[in-house]
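In: can't give you the sequence, but here's the structure:
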Ligand SMILES: Cc1cc2nc3c(=O)[nH]c(=O)nc-3n(C[C@H](O)[C@H](O)[C@H](O)COP(=O)(O)O)c2cc1C
């Protein structure tokens, strides 16, 4: 196997990525006030500017999209000003950066909604917990969104995308994975609506398609990406037939000239379930014609294999980028990697955030 493909440049829509390595979105829970990114986020992201493309942590599109404490937003002037500094620091180091747009839907708690129930496609509670100002609490039972509210959430996503491009981001990625709002619409286990947003696969895909169509009105379609996890059962996600549901959606996405789709490989626990797809990129490469980013548990060797076999155009890494700001350089020389420290994934300050060492010690 040759390492060369990792370092080939890649034409992504109207821009060129300097290599095939993408930093996947990672929530770091350090936005302590008003959804404004932590002051160290500028250093954190710019340290990782050698990635072909950085995708930011999940970022809220509106106050009602929240589901976890200390996550940033992109709907106020103050948030936008902070993000503008981050983007410009990444661009100064010749990096590219897209913002991940996030609505948690039912994966939330009434504490984030002034005591009201969180909005979701249907009033079906998910099993699990989120971190609130008073510590860990079970997800609340959600309420079913009405049609006007769905339109207004699509507007919030659209404004957020516009804001992101306005402050200089190279693109946006819709967080359509892990059982958050877009996947809640898509999957039959969380969507039991009887209107045009529920029932058939076409109806369950409508929310995502309307989102993409609306965002495409305000930014170039090649600046839009979407992350999907077709073999996901986390956050109570379930579908009667994921092969059909995601097969339909991914095929439909061919029509929109998107920047990318990012597909997560199957979780171990989903691999043996009926109709779940064990080898995700393999399966969808035959359906999707555009840029496909593969994600989940990749290492240097699997990255080379996925690129060389043509299963994917780009490979994303989350935890390895978290712990190795110079991951491309380490892959180039096949150097040992810093291990990610779990205890500092979420919350805290500089430790485990901006202090992972570079190989080239002059950059530490
Ligand atoms: C600390 C942490 C935070 C994460 N936050 C997000 C997020 O905000 N949005 C998202 O799509 N995925 C998130 N993920 C998932 C990663 O993007 C990625 O899909 C997953 O970690 C698998 O990739 P890896 O094996 O390279 O780590 C997070 C993962 C970690 C470790």
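Out: That came in fine, so what should we check first? On a predicted model such as this, the values are computed, not experimentally measured, just so you know.
In: Provide a list of residues in contact with residue 364.
Out: Listed by Cβ atoms under 8 Å, 6 or more residues apart in numbering, the contact set of residue 364 reads 357, 358. Where you see a C-beta, it was placed from the backbone N, CA and C, and this is true even at glycine.
In: What's the separation between it and residue 344?
Out: Residue 364 sits 17 Å away from residue 344, going by Cβ to Cβ, to the nearest Å.
In: need the contact list for the spatially closest residue to residue 14 that is not a sequence neighbour.
Out: Leaving aside its sequence neighbours, residue 14 sits nearest to residue 222 (Cβ to Cβ, 6 or more residues apart in numbering; 5.8 Å). By Cβ under 8 Å, 6+ apart, the residues touching residue 222 are 12, 13, 14, 171, 257, 258, 259.
In: near the ligand, which residues of the stretch 101-250 of the chain?
Out: Applying Cβ under 6 Å from any ligand atom, we find that the stretch 101-250 of the chain lies next to the ligand at 175, 177, 227.
In: Can you name every helix or strand that the longest strand along the chain contacts?
Out: The single longest strand within the chain, with elements called by DSSP state E, is strand 53-60. The contact analysis (3 or more Cβ pairs under 8 Å, 6 or more residues apart in numbering; DSSP states H and E) places strand 53-60 against strand 21-23, strand 97-102.
In: Show the average pLDDT along the next helix or strand after the last one.
Out: Taking DSSP states H and E as the definition, the helix or strand that follows strand 97-102 towards the C-terminus is strand 119-120. Per-residue confidence for strand 119-120 averages out to 98 on the pLDDT scale.
In: contacting residues around strand 119-120?
Out: Strand 119-120 is contacted from outside by 64, 105-106, 113, 142-145, 149, 153, 181, 184, 190, using Cβ under 8 Å, 6+ apart.
In: and with 7 Å instead?
Out: With contacts defined as Cβ atoms under 7 Å, 6 or more residues apart in numbering, strand 119-120 is touched by 64, 105, 106, 142, 143, 144, 145, 149, 184.
In: Please pick the buried ones from those residues.
Out: Buried members of these, counted by 16 or more other Cβ atoms under 10 Å: 64, 105, 106, 142, 143, 144, 145, 184.
In: Get me the contact residues on the stretch 251-364 of the chain for the ligand.
Out: When proximity is defined as Cβ under 6 Å from any ligand atom, the stretch 251-364 of the chain approaches the ligand at 264, 295, 296, 297, 298, 317, 318, 319, 320, 345.
In: Tell me the buried residues within those residues.
Out: The neighbour-count test (16+ other Cβ under 10 Å) applied to those identifies 264, 295, 296, 298, 317, 318, 320, 345 as buried.
In: how distant is stretch 182-201 from the center of its chain?
Out: Remark: stretch 182-201 is offset 21 Å from the chain centroid, using Cα atoms, centre = their mean, to the nearest Å.
In: for it, how far is the first residue from the last?
Out: Length of stretch 182-201, first residue to last, Cα to Cα, to the nearest Å: 13 Å.
In: now do stretch 49-68
Out: End-to-end distance (Cα to Cα), stretch 49-68: 27 Å.
In: and if you look at stretch 285-302?
Out: OK, stretch 285-302 end separation, Cα to Cα: 16 Å.
In: ditto for stretch 46-65
Out: End to end - Cα to Cα - stretch 46-65 spans 27 Å.
In: Let the chain start at 437 from now.
Out: Sounds good: first residue 437 from here, last item stretch 482-501.
In: Export the helices and strands packed on strand 489-496 as JSON lines, with columns for mean neighbour count and mean pLDDT.
Out: Below are these laid out as JSON lines (neighbours: other Cβ atoms under 10 Å; pLDDT from 0 to 100):
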{"stretch": "strand 457-459", "mean neighbour count": "27", "mean pLDDT": "99"}
{"stretch": "strand 533-538", "mean neighbour count": "27", "mean pLDDT": "99"}
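In: Compare these and report which one is nearest to residue 569.
Out: strand 533-538 (19.0 Å; Cβ to Cβ).
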